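> Predicted model and sequence follow; I will ask about them next.
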Amino acid sequence: MPSYRPPISRDTFHRLEAYYFNLLSYVDSDDYKALTTREKVNLLEEINYICIALDIMSRLFSSKGAAEKAVVAWEKDPDSEIQRIYRFSCMKVAALALSCSPSKVTAVCKGTRQSTGGYIFKYETDYKQDPNLTVGEDEYKTKRE
């Protein structure tokens, strides 16, 4: 019986997820506001298609690579009351999307380093258990009073 080979590699999946993050960041920028309505619609449709593709690919790779841990990141800004958080399927994607070294992202997650590339990282499981942080609406981090 022939062995099954996925139509794309895990590396391609990681690069697509990083591209998706970059598109979402672009939508938050001033450059996006200068686009015409048609250009905005095209970009949002592309983001939607990528989101669908990522969902399908995550199911394809879900049983493989169990060692990969989801990572949460936010900008290092201690004075801000509310910060946007980003969730990545693994450290490799976080490093690709935020132009950081994967080994430094690992060091921040393990607590041997405070931050890298202007971001603080935590494993998603550790982030959810941190009593000093609260999460509202899945995309923002607030300081607990």
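Sure, I can see it.

> Pull up the distance across stretch 95-109, start to finish.
12 Å (CA to CA, to the nearest Å).

> And for that stretch, what's in contact with it?
For stretch 95-109, the surrounding residues in contact (CB atoms under 8 Å, 6 or more residues apart in numbering) are 14-15, 17-18, 21-22, 69, 71, 73, 86, 88, 91-92, 94, 113-117, 119-123, 126. Yep, even glycine has a C-beta here, placed from its N, CA and C like the rest.

> do the same with stretch 32-42
In contact with stretch 32-42 (CB under 8 Å, 6+ apart) are residues 26, 43.

> which strand is the longest one in the protein?
Determined from DSSP state E, the single longest strand within the chain is strand 82-88.

> who does that strand pair up with?
strand 71-75 (antiparallel), strand 140-143 (antiparallel) (DSSP bridges).

> For that strand, buried residues please.
Across strand 82-88, burial judged by 16 or more other CB atoms under 10 Å covers 83, 85-86, 88.

> Can you flag the weakest of the strands paired with strand 82-88 by average pLDDT?
Here the lowest mean pLDDT among the strands paired with strand 82-88 goes to strand 140-143, at a mean of 49.

> Neighbours of Tyr127, how many?
Neighbourhood size, Tyr127 [other CB atoms under 10 Å]: 21.

> Report the two of the buried residues of strand 82-88 separated the most.
Gln83 and Phe88 (15.8 Å; CB to CB).

> so where does Ile8 fall, helix or strand?
Taking DSSP states H and E as the definition, one finds Ile8 inside no helix or strand.

> thinking again about what came up before, mind checking what helix or strand follows the longest strand of the chain in sequence?
Following strand 82-88 in sequence, per DSSP H and E, is helix 91-98.

> any idea of the angle that following helix forms with strand 82-88?
Orientation check (axes from the mean of the first three to the mean of the last three CA atoms, to 10 degrees): helix 91-98 against strand 82-88 gives 130 degrees.

> How far off centre is helix 91-98?
7 Å (CA atoms, centre = their mean, to the nearest Å).

> State the next helix or strand along the chain beyond it.
Next helix or strand after helix 91-98 toward the C-terminus (DSSP H and E): helix 102-110.
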